[in-house]
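Chemist: Kindly return the folded structure for what I paste below:
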Amino acid sequence: MTDIASNISLLKQRIPSSVKLIAVSKTKPVSAILTAYNSGQRYFGENRVQELLNKVDLLPRDIEWHLIGHLQSNKVKYIVPFISMIQSVDSFKLLKIINSEASKINRVVDCLLQIHIASEETKFGFSMKELFEMVESQEFMNMKHVRICGVMGMATFTSDAGQVSKEFSYLADCFNSLKNRYFAGNQHFKEISMGMSGDYEIAIKEGSTIVRIGSIIFGERPL
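Modeler: Take a look at the predicted model:
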């Protein structure tokens, strides 16, 4: 069995203390998550709402859950009451629904804006043009129940480290552009979520503040 605790310990030695480690627990059993929790890990990421809902009540309440996969509009209401952060906000429509559902329970939900940085068309995310149009709109400015904390992106699945580095560098540039133009006085707008098990070291070099790591911690997922 994979030694989850020692894997986390080794990772934390490699990752700067300023970078938040999200343990990606998708497809992993509650027992494995509990082992990570007992080793001190408190931040976990899930891709699918139903899988997250199946786990959340079986695990300690002080876990901070991050939704990192594509979020369907009709699933938003199920996670808004407890989610710590939705990293995968990839459309204005989705952000409006999160704001609406959060308003019903008078909660403010932390969100990251997912930007399309990969060469693969299958990956989700805003273009910068879409983001500029959104944040300049009155409807966005009137939102009181979402808090934009930064950006998220997924690099192309490739062995070309140079391409991955360029994509992460672009995401950091997007963050800086948004920060300077629209969020300069906003202390919450500070996160760049990029980097997974195969490319987190490149991501950190390019300015990542949050890495999302699964297989290095829990072992490879079965095919």
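Chemist: Please look at residue 152 and residue 193 and confirm they touch.
Modeler: Yes: judged on CB atoms under 8 Å, residue 152 makes contact with residue 193 at a distance of 4.0 Å. From N, CA and C alone the C-beta is placed, and that goes for glycine too.
Chemist: got any residues that touch both of those two?
Modeler: Listed as contacting both residue 152 and residue 193 by CB atoms under 8 Å, 6 or more residues apart in numbering are 68, 87, 112, 210.
Chemist: how many other residues sit next to the last one?
Modeler: Neighbours of residue 210 under the rule other CB atoms under 10 Å: 24.
Chemist: Next: the second one.
Modeler: Neighbourhood size, residue 87 [other CB under 10 Å]: 28.
Chemist: how close does the residue nearest the centre of the chain sit to residue 132?
Modeler: Note on the chain: the residue nearest the mean C-alpha position is residue 87, at 3.4 Å, using CA atoms, centre = their mean. To residue 132, residue 87 is 21 Å away according to CB to CB, to the nearest Å.
Chemist: got the phi/psi numbers for the residue nearest to the centre of the chain?
Modeler: The phi/psi pair for residue 87 (degrees, to the nearest 10) reads phi -80, psi -20.
Chemist: surely it meets residue 194?
Modeler: No: counting by CB under 8 Å, residue 87 sits too far from residue 194 to count as a contact (10.3 Å).
Chemist: Which residues are in contact with each of those two?
Modeler: 152, 210.
Chemist: can you pull out the helices in the protein?
Modeler: Using DSSP state H, the helices of the chain run over 4-14, 30-38, 49-56, 76-79, 92-104, 128-135, 138-141, 161-182, 200-205, 215-218.
Chemist: Mean neighbour count, mean pLDDT and distance to residue 24 added to these, as a markdown table?
Modeler: Shown next, in a markdown table, are the helices of the chain (neighbours: other CB atoms under 10 Å; pLDDT from 0 to 100; distance: least, CB to CB, whole Å):
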| stretch | mean neighbour count | mean pLDDT | distance to residue 24 |
| --- | --- | --- | --- |
| helix 4-14 | 15 | 95 | 12 |
| helix 30-38 | 17 | 97 | 11 |
| helix 49-56 | 16 | 98 | 12 |
| helix 76-79 | 19 | 98 | 16 |
| helix 92-104 | 18 | 98 | 21 |
| helix 128-135 | 15 | 97 | 25 |
| helix 138-141 | 11 | 98 | 29 |
| helix 161-182 | 17 | 97 | 18 |
| helix 200-205 | 19 | 97 | 11 |
| helix 215-218 | 21 | 95 | 8 |
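Chemist: Among the ones you listed, which comes closest to residue 117?
Modeler: helix 161-182 (4.5 Å; CB to CB).
Chemist: Reformat the helices of the chain as a markdown table; add distance to residue 64.
Modeler: A markdown table is the format used below for those (distance: least, CB to CB, whole Å):
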| stretch | distance to residue 64 |
| --- | --- |
| helix 4-14 | 15 |
| helix 30-38 | 11 |
| helix 49-56 | 11 |
| helix 76-79 | 13 |
| helix 92-104 | 17 |
| helix 128-135 | 26 |
| helix 138-141 | 26 |
| helix 161-182 | 21 |
| helix 200-205 | 19 |
| helix 215-218 | 16 |
